[in-house]
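Enquirer: Sharing a model prediction with you, sequence too.
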Amino acid sequence: MILGNVRASLTRDDAELALRLIGRSSRAALEEAEDALREHGVDALLDDPRLLAALVDGPSRLGMRASWPLFCYVIVRQALQRAGEGDRALADYVAAIVLHFGARSRATRIDEHDDQEYDTLAALLDDVNDDDVRRSFLVRQHLGNYALWLSGLFPDRIEQRRWRRGGPDLEYYEELGRRGFQLAADHRLAHAHGLDVLFREAAARFAVIRVALNQMSDSVFFPTLHTPERLMRQVKDEGRWRRVS
């Protein structure tokens, strides 16, 4: 079961590296970062835009030393902040999805010890009421996780398949992702583990999270890709959020 514990897994070395990256430009910047750490804790460093810039902008010997948990948490947290989503627990959970699903085959398995692989959301949806209580909970959670992983990090692949092969659009992934998280929130094991509130928030904010991850993916993971499908998706999302606001 994936839990939002990436931030808690960060080490003293991660904090020291973040401090050095933020303060690398000048002595004054370093002293400012040290003051922020003392007064507000490590979150002041993790939320600092200078840390993100140091991690992703250009070659940096220091930045290359960042742990994968530190990198994942910072890029996800700050992407969600730019989208207006400030909930740290939600950012921590989304970062955990990115961290775990980056491992081989984990994105298609409800649990690292489960042998069955799912390559479609429809197959997961068919198993949300599995007779095994624990498995039904994991399937529901994974339906939300997998929909967010695919639509958040690989929107261009989805759009290309839609235009070329008539595949489902991003709204389909949003719909099933919301359903997965809501079903997970309603499951008794979510209440037992204290995850029901988090899953309801993930369901309610799925579209915002998806767009934030799209922007992160566009700029960090696939910055050199330029396709008509990407442009149309970006224009559509921009217009969508203008109408909402």
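Expert: Okay, I see it. Numbering: from 1, shown residues only.

Enquirer: Tell me which residues of the helix or strand hosting Gln141 come out buried.
Expert: For Gln141, the host element (DSSP states H and E) is helix 133-153. Using 16 or more other Cβ atoms under 10 Å as the test for burial, helix 133-153 gives 135-153. In this view, the C-beta of every residue, glycine as well, is placed from N, C-alpha and C.

Enquirer: I'd like the next helix or strand past that helix.
Expert: Downstream of helix 133-153, the next assigned helix or strand under DSSP H and E is helix 155-165.

Enquirer: which secondary structure elements does that following helix contact?
Expert: On a contact count with 3 or more Cβ pairs under 8 Å, 6 or more residues apart in numbering; DSSP states H and E, helix 155-165 meets helix 133-153, helix 170-186, helix 228-244.

Enquirer: Make a markdown table from those helices and add distance to Gln116 and mean pLDDT to it.
Expert: Listed next are these as a markdown table, based on distance: least, Cβ to Cβ, whole Å; pLDDT from 0 to 100:
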| stretch | distance to Gln116 | mean pLDDT |
| --- | --- | --- |
| helix 133-153 | 9 | 97 |
| helix 170-186 | 16 | 97 |
| helix 228-244 | 31 | 77 |
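
Enquirer: how about those helices in CSV, adding distance to Val98?
Expert: CSV is the format used below for the helices and strands packed on helix 155-165 (distance: least, Cβ to Cβ, whole Å):
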stretch, distance to Val98
helix 133-153, 7
helix 170-186, 15
helix 228-244, 20
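
Enquirer: Can I get stretch 202-221 as PDB, trimmed to CA atoms?
Expert: Below are the C-alpha coordinates for stretch 202-221, written out as PDB (Å, rounded to 0.1, in the frame of the first residue of the first chain):
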ATOM      1  CA  ALA A 202      -7.500  13.400  -4.000                       C
ATOM      2  CA  ALA A 203     -10.800  12.700  -5.700                       C
ATOM      3  CA  ALA A 204     -12.100  16.200  -5.300                       C
ATOM      4  CA  ARG A 205      -8.800  17.800  -6.600                       C
ATOM      5  CA  PHE A 206      -7.900  15.200  -9.200                       C
ATOM      6  CA  ALA A 207      -8.200  17.600 -12.200                       C
ATOM      7  CA  VAL A 208      -6.100  20.200 -10.500                       C
ATOM      8  CA  ILE A 209      -3.400  17.600  -9.500                       C
ATOM      9  CA  ARG A 210      -3.500  16.200 -13.100                       C
ATOM     10  CA  VAL A 211      -2.800  19.600 -14.700                       C
ATOM     11  CA  ALA A 212      -0.100  20.400 -12.200                       C
ATOM     12  CA  LEU A 213       1.600  17.100 -13.000                       C
ATOM     13  CA  ASN A 214       1.200  17.800 -16.700                       C
ATOM     14  CA  GLN A 215       3.100  21.100 -16.300                       C
ATOM     15  CA  MET A 216       5.700  19.400 -14.200                       C
ATOM     16  CA  SER A 217       6.100  16.600 -16.800                       C
ATOM     17  CA  ASP A 218       6.300  19.100 -19.700                       C
ATOM     18  CA  SER A 219       9.000  21.200 -18.100                       C
ATOM     19  CA  VAL A 220      11.100  18.600 -16.100                       C
ATOM     20  CA  PHE A 221      10.700  15.100 -17.700                       C
END
